[in-house]
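# model this:
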Amino acid sequence: MGFFKQLFSNASEEKRDDLGRSAEPHEDSPAAADGRPLTTSDMTQAQLRARRIHRVESAKVARPLHEGIMLFALKVWLVLGPPAFVALTTSEVAYIFAQLLPPGDAGDKIILLGALFVDLAMMFTTFGVAIKRRDLAEKREVNGSVSKREEAEVWFGTGLWLLFAAINIIGQSAFLLRIVQNNAHPGNLTLIYLFIAARVTGFILGDACTAFFLAKVDSSPLKLIARSEREKGVIYADIADAEGKRQIAEAEAEARILLIQLDAEQKKEDAEFLAALKRRAFAAALGETPSSEPTRSRVYRGNT
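Now for the predicted structure:
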């Protein structure tokens, strides 16, 4: 409770100067000759510039919490996702052939190892093609072009991946169709086949997306630093623009206050001049000699 009380009391106690402007100093404001922190209204252009630079450069550079958590989870997925894909698809192929073998036949182990070999080759081909595509794109961006040999290697790897993907699709489809055939009442076959097609497609797209897209998500701190520098430049310009608009508004407000003060002084001077004329007129009507001629300048000097 004491913290919130102090917080609200600090927010309500706003200091103001003689012109009614907010005079609450900032922690990073320079000090005057008497040691009192200067307000932004009292700072010179050089002091305002130094204050802007200090504020922008002292800002913390960090990723949002949700982004950091998701990037960590993505790194875990990039490690665990491909082996999980291999384990699932290998088990599906081994299950199909195990059903065709007589009970007690040891050939199911050989079938499992063969399926594992194919799926591991697909996994490494997938990430090999992804890495070569990334390197090729970087070379093209830097040099403007790449050699035909490197480009042909990438297309050859892509063709191999498509072939492995077709083999994987056949294995997954056979596994799911085998399960449907073992059911005496599968229900709506059209819907079942549509589900099988969607499930197989999702498996392949998940593997391809992991290698060709998610693996390129760059969580390097260097990219974060570069992005923060760009954002700091934009923020610096926004702060400078806001300070310029505030200075214009303050100057206009002070000019209006000065005009109001001059108008009030003029009205007061006119009123005193009229009062002096009335006293002179009354004195003349009574036959008295006025001590001096009333003038606006004399009345003004008498008041000052």
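# and residue 44, what is it in contact with?
For residue 44, the contact set (Cβ atoms under 8 Å, 6 or more residues apart in numbering) is empty. Using the backbone N, CA and C atoms, a C-beta is placed for each residue, glycine as well.
# what does the model give it for pLDDT?
On the pLDDT scale, residue 44 is placed at 75.
# got the phi/psi numbers for it?
phi -80, psi 170 (degrees, to the nearest 10).
# how close does it get to residue 57?
Noted for residue 44: a distance of 20 Å to residue 57, by Cβ to Cβ, to the nearest Å.
# For residue 279, what is the enclosing helix or strand?
helix 221-285 (DSSP states H and E).
# Domain-wise, how is this protein divided?
Domain assignment of the chain by automatic domain parsing yields the ranges 65-219, 220-304.
# which one of those is the most hemmed in?
With neighbours taken as mean count of other Cβ atoms under 10 Å, the domains of the chain reach their highest mean count in domain 65-219, at a mean of 14.
# Now do it: distance to the chain's middle.
The chain centroid and the centroid of domain 65-219 are separated by 34 Å under Cα atoms, centre = their mean, to the nearest Å.
# Need the per-residue pLDDT for residue 231.
78.
# contacting residues for it?
If you count contacts by Cβ under 8 Å, 6+ apart, then residue 231 has nothing around it.
# And it, how far from residue 57?
On the measure of Cβ to Cβ, residue 231 and residue 57 end up 12 Å apart.
# pLDDT score for residue 246?
82.
# Ok, the one 5 residues further on next?
According to the prediction, residue 251 has pLDDT 85.
# can you check residue 20 too?
The model's pLDDT for residue 20 equals 43.
# same deal with residue 291?
So residue 291 comes in at 56 (pLDDT).
# Over to residue 78?
On the pLDDT scale, residue 78 gets 86.
# can you check residue 160 too?
Value listed for residue 160 in the pLDDT field: 90.
# Ok, residue 200 next?
89.
# That one and residue 169 touch, don't they?
Yes. Here residue 200 lies in contact with residue 169, judged by Cβ atoms under 8 Å, at a distance of 5.4 Å.
# quick one: low-confidence ranges for the stretch 1-150 of the chain?
Low-confidence segments of the stretch 1-150 of the chain (pLDDT under 70): 1-41, 59, 61-62.
# Show me where it has its helices.
All helices of the stretch 1-150 of the chain, identified by DSSP state H, counting those that start in this stretch, fall at 2-12, 45-57, 65-100, 107-143, 148-181.
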